[in-house]
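J.: Pasting a predicted model and its sequence here:
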Amino acid sequence: MTSQIKNWSMTLIVVGLISLINNWFGYHHGPFKALPGIVALMAIAFIGMLLGRLIPLNIPSIAYIGVLGLILTIPGVPGASYIAHWTKQVDLMALATPVVAYAGISIGNSWLAFLKLGWRTIIVGMVVLISTYVGSAVVAEIVLRIQGIV
């Protein structure tokens with residue numbers, strides 16, 4: 001477990017640094033303003049991964065991360081206003097870029113495993129991506145029409 005904690009820590013540090021740089025240059029949020037938000041997000045992710053590993057239930061770490069983040073930002077929870085204020089300084093796309101890049105590298109390192117999944121996986125992946133895009137566009141269109149913007 002110690003090597004896994006080191007791996008998580010290094011990954012979160014790299015993702016945090018890249019996110020900080022993306023946030024600074026891409027979205028013009030100064031690094032010192034965004035640093036507390038990125039540190040808070042990385043801490044929540046780390047604790048969620050620890051909980052996923054330590055709690056003997058078959059629940060993925062992402063569920064623990066989401067629930068922990070939700071609980072920590074509920075109005076009235078001590079420190080929630082600070083976390084909300086800090087994370088407002090971090091743009092979502094600044095976080096998504098290194099995460100998607102990391103996922104791409106992970107897939108790139110295991111092309112043989114990916115190829116073993118077969119051509120059906122590629123079709124399913126494309127259907128999922130297209131469905132997500134079309135679904136998002138439909139929801140956006142409905143909401144914009146309800147608001148009278150379109």
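T.: Yep, it's here.

J.: Now do the longest helix seen in the chain, average pLDDT.
T.: Looking across the chain with DSSP state H, the single longest helix is helix 119-147. What helix 119-147 shows for mean pLDDT is 84.

J.: pLDDT below threshold where in this protein?
T.: Scanning the chain for pLDDT under 70 picks out 103-115.

J.: And the helices in it?
T.: Going by DSSP H, the chain shows helices at 2-27, 31-54, 61-72, 80-87, 92-108, 111-116, 119-147.

J.: so of those helices, which one's packed in deepest?
T.: Greatest average neighbour count among the helices of the chain goes to helix 31-54 (a mean of 18), per mean count of other Cβ atoms under 10 Å. Quick note: C-beta positions are derived from backbone N, CA and C, even for glycine.

J.: Give me the helices and strands touching it, please.
T.: With contacts defined as 3 or more Cβ pairs under 8 Å, 6 or more residues apart in numbering; DSSP states H and E, helix 31-54 has these neighbours: helix 2-27, helix 61-72, helix 80-87.

J.: out of those helices, nearest to Ile142?
T.: helix 61-72 (25.3 Å; Cβ to Cβ).

J.: how's this protein carved up into domains?
T.: 2-110, 117-150 (automatic domain parsing).

J.: Mind checking the helices and strands packed on helix 31-54 for the one nearest to Tyr102?
T.: Short answer: helix 2-27, nearest of the helices and strands packed on helix 31-54 by Cβ to Cβ, at 6.7 Å.
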